[in-house]
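Participant: Build me a model:
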Amino acid sequence: MLLRMAHPAAIRVDLADSTRRHVTRRLMPFLFFLYVVSYIDRINVGFAGLQMTGELGFSNSVFGFGSGIFFIGYVLLGIPGAIIVEKWSARKAMASTMLVWGCVAAATGLIHTKPEFYGMRFVLGVTEAGFFPGMITYLTHWYCPKDRGKAVAMFMAAIPMSQVIAAPISALLLRVHWLGLSGWRWLLILEGAPAVVCGIISWFYLTDWPREAKWLHPEEREWLTGELQREGSRKAAAGRIPWYRALGNLNVLLLCFVYFGGTSGTYGLGLWMPKMLQKVGHLSAVQTSWYTAFPALAAVPLMLICGWHSDRTG
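Facilitator: Here you go, the predicted model:
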């Protein structure tokens, strides 16, 4: 009997597809959840502000400055965070980052004065700074260039999803009054706790590189490692430049400008929409929290479509 052997090219395509699916099933749900936790800890001050500003006597100017001071520390340590992931260990860097920022985020629920508010928001920005650029760097350890658009889109879809998730949770927590503490305090304390738990889990769950991934089949591990090594060889042949010279590259500057515009809108809306809705609609804090979820629901499918389109068209 003649044995019909599959064409080597077809075998290679099947191996590539199975490896992509395996990596995505293993990593993406967890990374997605980590970013949801991270983003909630950045924007939940918007929900907390519905009660916090009145209780502590903060003006809108104080609230705005305290919300924005987060990004001073965030900008300063973003690039070092990505370098640490690349040069040291994504698993250790992400776990350590989450443990520290979770404690800081929860402790923000214990503030009483403007300086304390400013200080905790600044420190939260410092502790979270390396997470997002570190995670984007980490995705390059697992996805080839032609797959990264979809991968980044799946990961960053956590931004609108975090708003969808945070809205009902915040609405419920704003109602509580345990141990003599207001709802906004419990909101910040309890929403900071998942980062600590995720930090501990990440230490054991994440893998730095495909070559270390015992959860991949040997042939999948070999294929993905080979693909990434070939990409590294092409980069080496093209020549590397120091990161500080990359910051002067025109393409990098254009991308920074585009991302600056998008991020300004995203955070501006995320931090202020609860207070705007409450004022315009004369809503309660709980009602306001629910309404903020609706715009984010539209963003999730559109982000995934854009990532798919990017990979298809280059």
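
Participant: just for this protein, where's the confidence low?
Facilitator: By pLDDT under 70, the weakly predicted segments of the chain are 1-12, 237-238.

Participant: Tell me the spacing between the residue nearest the centre of it and Glu55.
Facilitator: Centroid-nearest residue in the chain: Tyr35, 3.2 Å away (criterion: Cα atoms, centre = their mean). Distance, Tyr35 to Glu55, by Cβ to Cβ, to the nearest Å: 30 Å. (C-beta placed from N, C-alpha, C; glycine too.)

Participant: now Ile40
Facilitator: Taking Cβ to Cβ, one finds Ile40 at 21 Å from Glu55.

Participant: who has more neighbours, those two?
Facilitator: Comparing Ile40 with Glu55 by neighbour count (other Cβ atoms under 10 Å), the higher total belongs to Ile40, at 23 against 12.

Participant: who are the neighbours in contact with the closest residue to Arg211 other than its chain neighbours?
Facilitator: Distances taken as Cβ to Cβ, 6 or more residues apart in numbering put Thr225 closest to Arg211, at 4.9 Å, once the chain neighbours are dropped. Taking Cβ atoms under 8 Å, 6 or more residues apart in numbering, we find Thr225 in contact with Trp209, Pro210, Arg211.

Participant: so which of those is the most crowded?
Facilitator: Those, ranked by neighbours (other Cβ under 10 Å): first place Pro210, 21 neighbours.

Participant: wouldn't the residue nearest to the centre of the chain be in contact with Ser162 here?
Facilitator: Yes: taking contacts as Cβ atoms under 8 Å, Tyr35 lies within contact range of Ser162: 7.4 Å.

Participant: Show me what the helix or strand hosting Gly102 is packed up against.
Facilitator: Per DSSP states H and E, Gly102 falls inside helix 90-107. Under the contact criterion of 3 or more Cβ pairs under 8 Å, 6 or more residues apart in numbering; DSSP states H and E, helix 90-107 touches helix 8-56, helix 78-87, helix 114-128, helix 131-139, helix 183-205.

Participant: List the buried residues for that helix?
Facilitator: 90-91, 93-107 (16 or more other Cβ atoms under 10 Å).

Participant: before we move on, what about stretch 224-240?
Facilitator: Leu224, Thr225, Glu227, Leu228.

Participant: send the alpha carbons of that stretch over as CSV?
Facilitator: The C-alpha trace of stretch 224-240 is given here as CSV (Å, rounded to 0.1, in the frame of the first residue of the first chain):
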residue,chain,number,x,y,z
LEU,A,224,8.9,29.4,17.1
THR,A,225,12.5,29.7,18.5
GLY,A,226,13.8,29.4,15.0
GLU,A,227,11.5,32.0,13.6
LEU,A,228,12.4,34.5,16.3
GLN,A,229,16.1,33.8,15.9
ARG,A,230,15.8,34.4,12.1
GLU,A,231,14.1,37.7,12.9
GLY,A,232,16.9,38.6,15.3
SER,A,233,19.5,37.8,12.7
ARG,A,234,17.8,40.1,10.2
LYS,A,235,17.8,42.9,12.7
ALA,A,236,21.4,42.3,13.5
ALA,A,237,22.3,42.4,9.9
ALA,A,238,20.4,45.7,9.5
GLY,A,239,22.3,47.1,12.5
ARG,A,240,21.1,48.1,15.9
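
Participant: Now do that stretch: distance to the chain's middle.
Facilitator: 27 Å (Cα atoms, centre = their mean, to the nearest Å).

Participant: nearest spatial neighbour of Ala293, skipping sequence neighbours?
Facilitator: The nearest residue in space to Ala293 (Cβ to Cβ, 6+ apart) is Ala167, at 3.7 Å.

Participant: Output the contacting helices and strands for the helix or strand the one you found falls within.
Facilitator: Assigned by DSSP H and E, Ala167 belongs to helix 158-173. Judged by 3+ Cβ pairs under 8 Å, 6+ apart, the packing partners of helix 158-173 are helix 8-56, helix 183-205, helix 285-291, helix 293-313.

Participant: Please save the CA atoms from that helix in CSV.
Facilitator: What follows is helix 158-173, C-alpha atoms only, in CSV (Å, rounded to 0.1, in the frame of the first residue of the first chain):
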residue,chain,number,x,y,z
ALA,A,158,-8.3,45.1,27.7
ILE,A,159,-8.5,49.0,27.8
PRO,A,160,-12.2,49.3,26.8
MET,A,161,-13.0,46.0,28.5
SER,A,162,-11.5,47.3,31.8
GLN,A,163,-14.0,50.2,31.6
VAL,A,164,-16.8,47.7,31.0
ILE,A,165,-15.8,45.6,34.0
ALA,A,166,-14.9,48.5,36.3
ALA,A,167,-18.2,50.3,35.8
PRO,A,168,-20.5,47.7,37.5
ILE,A,169,-17.9,46.7,40.1
SER,A,170,-17.4,50.3,41.1
ALA,A,171,-21.1,50.9,41.2
LEU,A,172,-21.5,48.2,43.7
LEU,A,173,-18.5,49.2,45.8
